[in-house]
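A.B. asks: Whatever this is, show me its structure:
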Amino acid sequence: MSATPGTALQESPRRPADAVRSPGDSADDSFSRQPRSLPSVRSGRRVLPLAVGAAVLVALGVLFPGSGNWPGALAVDVSAPLGRAGDWIIDHRDSHPLFLYFFGHVSNAVVVSVRAVYVVLLAAGWTGVTALAGLVAWRLAGVRLALTSMAAFAVCGLLGMWVPTMQTLALMVVAVAASVVVGGLLGLAAGLSPRTERVLRPVLDTMQILPAFAYLLPMVLVFGIGVPAAVLATVVYAAPPMARLTALGLRDADAGVLEASASLGATGRQQLLTARLPLARGPILLGVNQAIMTGLSMAVIASVIGAGGLGDRVYQALASVDVGAALAAGIPIVLLAVILDRTADAAGARLGASATPAAEQGFLRRVFAGWYGRLLCLLAAVAVAVAGRMLGTAQWPGSWTVSLAAPVNRAVAWMTDHLYSGVPVVGGTADWAARFTGWLLDPLRTGLQSTPWWLLLLLVGAIGVVVGTWRTALTAVLALAAIGVLGVWEPALDTLSQVLAAVAVTLVLGFAISVGAARSARAERLLRPVLDVCQTMPQFVYLIPVVALFGVGRAPAAAAAVVYALPAVIRITTQGLREVDPAALEAARSLGATGAQQLRQVQLPLARPALLLAVNQAVVLVLAVVIIGGLVGGGALGYSVVLGLAQGDLATGLVAGAAIVCLGLMLDRVTQPAKEA
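C.D. replies: Modelled structure (predicted):
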């Protein structure tokens, strides 16, 4: 199972050595040794900074009275310098040595690499590509994955999307290879040097919080519309998970093994190659898996700047509200994501597992084992490709395609006529969207925008102190204040209202489903394939069904965010509830507690860390899709990012992107599990 793209990785806190009670100590003795004044000291340390901050904010509120708008005197206009920077890039892109002798060579290398992979895929034909995918999947995971892979590529052809699929796959191969190299090198530096890790951490945090669309604008200014900008934006987006997981694996290497290696006289380089990297193999392979999934998500989004492929078909269909065409291109994206995810997982499991004795392997397994097995797989795929070309079937036959757009559009038209409104008792989807907007989104936005700015800062600081430390509160307050300084206070609060509403719906649905899944193994088994598919779908694809059901607006953007974040919340919460100590549950049952009492008084309190993590992940994932919802009428900061990209306006796009980073940082800090001061 792959982790959710964009998930922040954190080390679990370790208990101090002196806090561990020896078996001979009694509970009373242990308690008596704790300083009685410690809680009050910690409370004072938390309250004092909050009181000082409150006094400062109240004073600023007196100096700058008015409505909830951010005072203009405290805002800084960065549009002018950013506009001048964008104009300078455009004017010197064809003449400055930096562009001619550095960025130009990078662009040419990307174009040549992608074109070479694409030519190879087209030369192999659908027979060769399908055969190679099946052989690789069979060798890594068995017959089931092999048949699934071959069927997935066959569906891409049946839907008439073979050429766009090969375009996306070629871009993915180059972008993921570069992401693995760049992320691996950064992770290596961070894992071996604590100082480098401290320097890289805020950079990686920003790269993961910054919305995908914000990456595209600077890339377009430097490289222009086309494949180079799309590939490099994908590399920047997909490298952080690889870097984080590589660094985590290197830092968590068994100290005993490293000490034994050093005692045998191994040099630092020998320790790295023979001890650290082998011990970190699991996290590194997980990083490769995450680079693949985030890279595919970004490669699809990058279609808006001329990357072509499946994402371009989805984008063009959404622009014309052609749900059938969007779905026809979206299904291959999902299939490609599932196959790449399963293949990467199988490769990691195969490398991490012990070797199976040759006597227990089948005949074909023994034939295709080892390095010559890889060569035989390649030769077999080449033979199938050559046979396909000789038979004149290199390209997918046009007579084998199935048109999905027409029946889907007819179904959408039927839903528009029968489900949008007028449905007895429950109402229609348009009624739901209107009620969600009128009853929740509009009041929440109005309430946030009419609240005095200093009171919002004070509220965020108070929440930060309650859930974390005064440093957490200070970071959250500064992040929210930076949004006002950038001059996008009102659109940011509009975005915040959408995020809060979508998170509330996500948590209600997620916790309710998780309780059922944790109590029923059958329900969990039924949910597993649905969650797997939902977690491998790129963000872009979620817009298709919500547009079909709800049209365009802020409610559809929030609905897409709910569907995107729900699988992660369900998985984390279900796992937390299942890992509750069975002895505690047995003790509650022995005292006559009902199922509801066990849930409220035992499972939920003991699963509190998992529940807090689920809340945090819901916030981060919802924010990512609410921004993309600007494409379907979500408005606010997401619309500003899309508008800046469409018009090539560096100031509009980057200011909105920076505000989104600050908003994400603030939300992340106030939803982190409580930590020791």
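
A.B. asks: my read: residue 324 touches residue 330, true?
C.D. replies: No - at 10.5 Å, residue 324 does not count as touching residue 330 under the criterion of Cβ atoms under 8 Å. Placement of C-beta: from N, CA and C, glycine included.

A.B. asks: of those two, who's got more company?
C.D. replies: Between residue 324 and residue 330, residue 330 has the larger neighbour count (other Cβ atoms under 10 Å), namely 28 against 20.

A.B. asks: Show me which positions of the helix or strand where that one lies end up buried.
C.D. replies: Using DSSP states H and E, residue 330 falls within helix 323-352. Buried residues in helix 323-352, counted by 16 or more other Cβ atoms under 10 Å: 323-348.

A.B. asks: for that helix, packing partners?
C.D. replies: The contact analysis (3 or more Cβ pairs under 8 Å, 6 or more residues apart in numbering; DSSP states H and E) places helix 323-352 against helix 104-141, helix 143-158, helix 162-192, helix 281-301, helix 309-319, helix 405-418, helix 521-536, helix 543-550.

A.B. asks: looking only at pLDDT, what's the mean for whichever strand or helix holds residue 380?
C.D. replies: Residue 380 is part of helix 370-390, with elements assigned from DSSP H and E. Per-residue pLDDT values across helix 370-390 average out to 66.

A.B. asks: Serialize the helices and strands packed on helix 323-352 to CSV and add fields for distance to residue 271 and mean pLDDT.
C.D. replies: Formatted as CSV, the helices and strands packed on helix 323-352 follow (distance: least, Cβ to Cβ, whole Å; pLDDT from 0 to 100):
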stretch, distance to residue 271, mean pLDDT
helix 104-141, 30, 84
helix 143-158, 36, 85
helix 162-192, 10, 88
helix 281-301, 15, 79
helix 309-319, 43, 80
helix 405-418, 57, 79
helix 521-536, 36, 76
helix 543-550, 48, 77
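
A.B. asks: deepest of those, which one?
C.D. replies: helix 281-301 (a mean of 26; mean count of other Cβ atoms under 10 Å).

A.B. asks: could you dump that helix to PDB, C-alpha only?
C.D. replies: C-alpha atoms of helix 281-301 as PDB (Å, rounded to 0.1, in the frame of the first residue of the first chain):
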ATOM      1  CA  ARG A 281      16.500   0.000   1.400                       C
ATOM      2  CA  GLY A 282      12.900  -0.100   2.600                       C
ATOM      3  CA  PRO A 283      12.400   3.700   3.000                       C
ATOM      4  CA  ILE A 284      14.300   4.400  -0.200                       C
ATOM      5  CA  LEU A 285      12.100   2.000  -2.200                       C
ATOM      6  CA  LEU A 286       9.000   3.700  -0.600                       C
ATOM      7  CA  GLY A 287      10.500   7.000  -1.700                       C
ATOM      8  CA  VAL A 288      10.700   5.700  -5.300                       C
ATOM      9  CA  ASN A 289       7.100   4.600  -5.100                       C
ATOM     10  CA  GLN A 290       6.000   8.000  -3.800                       C
ATOM     11  CA  ALA A 291       8.100   9.800  -6.500                       C
ATOM     12  CA  ILE A 292       6.200   7.700  -9.100                       C
ATOM     13  CA  MET A 293       2.800   8.600  -7.700                       C
ATOM     14  CA  THR A 294       3.400  12.300  -7.100                       C
ATOM     15  CA  GLY A 295       5.200  12.500 -10.500                       C
ATOM     16  CA  LEU A 296       2.200  11.100 -12.300                       C
ATOM     17  CA  SER A 297      -0.100  13.500 -10.500                       C
ATOM     18  CA  MET A 298       2.000  16.500 -11.500                       C
ATOM     19  CA  ALA A 299       2.600  15.200 -15.000                       C
ATOM     20  CA  VAL A 300      -1.200  15.200 -15.500                       C
ATOM     21  CA  ILE A 301      -1.600  18.700 -14.100                       C
END
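
A.B. asks: Report the angle between that helix and helix 323-352.
C.D. replies: Counting by axes from the mean of the first three to the mean of the last three Cα atoms, to 10 degrees, helix 281-301 lies at 160 degrees to helix 323-352.

A.B. asks: what residues are up against residue 572?
C.D. replies: Applying Cβ atoms under 8 Å, 6 or more residues apart in numbering, we find residue 572 in contact with 610, 613, 614, 617.

A.B. asks: To which secondary structure element is it assigned?
C.D. replies: Judged by DSSP H and E, residue 572 forms part of helix 554-578.

A.B. asks: Repeat that for residue 435.
C.D. replies: helix 429-436.

A.B. asks: Remind me what that helix packs against, helices and strands.
C.D. replies: Here helix 429-436 touches helix 543-550, helix 554-578, going by 3+ Cβ pairs under 8 Å, 6+ apart.

A.B. asks: most packed of the ones you listed?
C.D. replies: Among the helices and strands packed on helix 429-436, highest average neighbours (mean count of other Cβ under 10 Å) belong to helix 554-578, with a mean of 25.

A.B. asks: tell me the pLDDT at the nearest residue to residue 188 once chain neighbours are set aside?
C.D. replies: The shortest distance from residue 188 to any non-neighbouring residue, by Cβ to Cβ, 6 or more residues apart in numbering, is to residue 246 (6.3 Å). Looking at residue 246, its pLDDT is 84.
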